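Asker: Fold the following, please.
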Amino acid sequence: MSAVDENIVREFFELHGFLVCQRRKYIVQTRQKTGNEEVDLIVLNPVATPPETSLDFEITPTMLRSVARAVVAVKGWHTEIFAPGLLAHQPKIFRFVEPKAVEEARRLIGADGLLKILVIPGLPRDAKMRERSIELLRVKGVDGVISFRAILQDLLTGVKTNRNYEKSDLLQILRLLKNYDLLKEPQLELRLRRKQ
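Answerer: This is a model prediction of the structure:
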């Protein structure tokens with residue numbers, strides 16, 4: 001996983017008021033898994049509000065206010081689609097939900113409402129494949145996913161061109177790109193059907 005991907009996800013959670021802990025600042029060199037090398041971030045929302053209904057599996061930025069605490073794994077494989085075939089043949093994706101990995105987070109931030117969130121490029125567009133992927137992720141112990149597309153759109157929307165983000169390289173770059181009209185605000189996408 002790229003440090004850029006992790007930085008993007010960190011900024012996203014911090015902009016939504018989460019306290020973010022990165023458990024390791026090194027790359028694991030051993031073949032033996034230690035249990036926590038797949039947890040990229042541990043996040044805590046000190047002002048979480050109880051959800052009115054159960055959270056959807058695909059977590060949107062507006063749903064984050066109901067997330068109290070979570071362990072987060074970032075899989076920035078931007079050329080891959082997270083389809084059932086990939087999920088079935090990549091067991092290392094699910095190491096962050098193993099009891100040993102989750103236990104450390106529980107000791108740090110408590111067990112109440114601890115979610116296991118996977119950040120991925122996106123789920124398949126085909127409805128049947130999408131449902132199979134979600135079912136497989138749930139069976140493996142994942143509580144929800146957030147897509148990089150949703151994260152990036154949220155960051156772009158939140159960045160203001162009249163602010164100086166000198167403490168964040170990522171936000172400052174987004175601000176500059178927006179300021180010079182190299183990035184546009186997300187627009188409403190309308191999908192119209194053709195009459196046949």
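Asker: give the contact list for Ile59.
Answerer: 67, 117, 144-146 (Cβ atoms under 8 Å, 6 or more residues apart in numbering). Glycine gets a C-beta too; all of them are placed from N, C-alpha and C.
Asker: Can you pick out the most distant pair from the residues you listed?
Answerer: For those, the maximum inter-member distance is 12.7 Å, found between Val67 and Val145 (Cβ to Cβ).
Asker: Mutual contacts of these two, please.
Answerer: 59, 117.
Asker: before we move on, the earlier item: so which of the contacts of Ile59 sit within helices?
Answerer: Using DSSP state H, no member of those falls within helices.
Asker: can I assume Leu108 is in contact with Ile42?
Answerer: Yes - look at Leu108 against Ile42 with Cβ atoms under 8 Å: they come within range, at 6.1 Å.
Asker: Just to be sure, Ala73 is in a helix?
Answerer: No - per DSSP: H, G, I helix; E, B strand; the rest coil, Ala73 lies outside any helix segment and is strand.
Asker: Need the pLDDT of it.
Answerer: For Ala73, the pLDDT comes out at 94.
Asker: Could you check how far it is from Leu156?
Answerer: 23 Å (Cβ to Cβ, to the nearest Å).
Asker: out of these two, which sits in the more crowded spot?
Answerer: Between Ala73 and Leu156, counted using other Cβ atoms under 10 Å, Ala73 has the larger neighbour count: 23 against 16.
Asker: And for the more buried one, nearest residue in space, chain neighbours not counted?
Answerer: Phe96 (3.8 Å; Cβ to Cβ, 6 or more residues apart in numbering).
Asker: now the residue positioned nearest the centre of the chain: how far from Asp143?
Answerer: Closest residue to the average C-alpha location of the chain: Val119 at 3.2 Å, with Cα atoms, centre = their mean. Per Cβ to Cβ, Val119 is found 13 Å from Asp143.
Asker: swap in Ile173?
Answerer: Counting by Cβ to Cβ, the gap from Ile173 to Asp143 is 31 Å.
Asker: Just want to know which of the two has more residues nearby.
Answerer: Higher neighbour count among Ile173 and Asp143: Asp143, with 19 against 13, using other Cβ under 10 Å.
Asker: nearest spatial neighbour of that one, skipping sequence neighbours?
Answerer: Excluding the flanking residues, the one nearest Asp143 by Cβ to Cβ, 6+ apart is Leu115, at 4.3 Å.
Asker: cool, and Arg138?
Answerer: Nearest one to Arg138, counting by Cβ to Cβ, 6+ apart, is Phe57 at 7.0 Å.
Asker: Check Arg132 too.
Answerer: That would be Pro84: by Cβ to Cβ, 6+ apart, it lies 4.6 Å from Arg132.
Asker: helices or strands next to the helix or strand of the chain with the lowest mean pLDDT in the packing?
Answerer: Each helix and strand of the chain was given a mean pLDDT (mean pLDDT, DSSP states H and E); the minimum falls on helix 84-88 at a mean of 77. Under the contact criterion of 3 or more Cβ pairs under 8 Å, 6 or more residues apart in numbering; DSSP states H and E, helix 84-88 touches helix 127-140.
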